[in-house]
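Chemist: turn this into a structure:
(chains A and B)
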Amino acid sequence: MTATGEQRTREFESEALPHLDALYGLGLRLTGGDESAAQDLVQETMLRAYRAWDSFELGSNCRSWLMTILRNTFINDYRKRKSRPASVDYDEIAERPVFMDAKATDPEGKFFSRLIDREVIAAIEGLPIDFRIPLVLADVEGLGYQDIADLLEVPVGTVKSRLFRARRRLQRGLYDYAIEMGYIR
Amino acid sequence: MSEKDAGGGDPAEMISCQEALEKVYEYLDGELGAPDQDKVREHVKICRQCYPLFDFERAFLDFVREKGFAEEASGDLLERVKAIVREDG
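Modeler: This is a model prediction of the structure:
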């Protein structure tokens, strides 16, 4: 490794490596909690980031730059595997808002805050992939509908309906869990 | 919500609860175009069936956004990434 190569590596290590846990968290959300897939994804992301390091402007937001690389890496792979038919039976999904069931006892949804972080993460990661990805992109990453549609190469209407169902499904899962655990009586 | 309860707005412009409900997330995400965003807002403002539901959904989305992003201890990943980078040169 040359002197400049050494400097480049040190720079990368001090700027990029502190974001490893954040990247791994996003990787786990996207892969549905698959630790080995998430680790591979983070490694692939870091290798790509390192190779593209000269294009990164020091002082700009390194974390969001890395998140974008990770997201694109994952989505590219997801799109390639998408020749299979839709993995979700859309008709069977209950879309009744949880509010309708909770309004008598907990109209403000206070039970949500009684759930432990780990339980919420598990519920997100447990969503079927076609629902999980739009939800993670919208609610974890904060992307808009058009950006998600562009990334996934689907119409905006598809993003809307999947996100709608994903949220209702997540909400229902958390509610059922809260009842089971006695957080709601 | 019956039309006579619609207050100041033009009753003909009022959307139904069902329409408001279908657009709840688009509305809360700020993804509706101006006319639809206004129509939903007007409806929710005066409909006592819908406003608590919209508040509930808003609380739910805030909750998911707050909890959904959590860092995870990546264990020996740090050493592995360092090795990969050093190897790559």
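
Chemist: residue contacts, residue A:171?
Modeler: Contact partners of residue A:171, counting by C-beta atoms under 8 Å, 6 or more residues apart in numbering or on different chains, are A:97-98, B:60. To be clear about C-beta, it is placed using only N, CA and C from the backbone, and glycine gets the same treatment.

Chemist: no wait, residue B:88
Modeler: A:47, A:50-51.

Chemist: got the buried residues for stretch B:50-64?
Modeler: B:50, B:52-54, B:56-57, B:59-61, B:63-64 (16 or more other C-beta atoms under 10 Å in any protein chain shown).

Chemist: that stretch close to chain A?
Modeler: Yes: under the criterion of C-beta under 8 Å from any C-beta of the partner chain, chain A is reached by stretch B:50-64 at B:52-53, B:55-57, B:59-61, B:63-64.

Chemist: for chain B, what's the longest helix?
Modeler: Under DSSP state H, the helix in chain B containing the largest number of residues is helix B:50-68.

Chemist: returning to what we had before: same list, the residues of stretch B:50-64 next to chain A, but as CSV with distance to residue B:46 and pLDDT please.
Modeler: Shown next, in CSV, are the residues of stretch B:50-64 next to chain A (distance: C-beta to C-beta, whole Å; pLDDT from 0 to 100):
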residue, distance to residue B:46, pLDDT
B:52, 13, 95
B:53, 14, 96
B:55, 14, 95
B:56, 18, 96
B:57, 18, 96
B:59, 21, 95
B:60, 23, 96
B:61, 22, 96
B:63, 26, 94
B:64, 28, 94
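
Chemist: nearest to residue A:166, of the residues you listed?
Modeler: Nearest to residue A:166 out of these is residue B:64 (C-beta to C-beta; 9.9 Å).

Chemist: surely the closest one meets residue A:117?
Modeler: No: counting by C-beta atoms under 8 Å, residue B:64 does not reach residue A:117; the two are 11.7 Å apart.

Chemist: so where's chain B shaky on pLDDT?
Modeler: Along chain B, segments meeting pLDDT under 70 span B:1-13.

Chemist: for it, what lies in contact range of chain A?
Modeler: So chain B meets chain A at B:21, B:25-26, B:29, B:31, B:52-53, B:55-57, B:59-61, B:63-65, B:67-74, B:77-78, B:80-82, B:84-86, B:88-89 (C-beta under 8 Å from any C-beta).

Chemist: residues contacting residue A:138?
Modeler: Counting by C-beta under 8 Å, 6+ apart, residue A:138 has contacts A:144-145, A:148, A:163, B:29.

Chemist: mind doing that once more with 10 Å?
Modeler: Residues in contact with residue A:138 (C-beta atoms under 10 Å, 6 or more residues apart in numbering or on different chains) are A:144-145, A:147-148, A:159, A:162-163, A:166-167, B:25, B:29, B:31, B:61, B:64-65, B:68.

Chemist: just the buried ones among those, please.
Modeler: A:145, A:148, A:159, A:162-163, A:166-167, B:25, B:29, B:31, B:61, B:64, B:68.

Chemist: measure the residue nearest the centre of chain A to residue A:67 for me?
Modeler: Closest to where the C-alpha atoms of chain A average out (C-alpha atoms, centre = their mean) is residue A:136, at 3.1 Å. For residue A:136, the distance to residue A:67 (C-beta to C-beta, to the nearest Å) stands at 11 Å.

Chemist: any residues in contact with both of the two?
Modeler: Counting by C-beta under 10 Å, 6+ apart, the shared contacts of residue A:136 and residue A:67 are residue A:26.

Chemist: what about stretch A:63-81, distance to the chain center?
Modeler: 11 Å (C-alpha atoms, centre = their mean, to the nearest Å).
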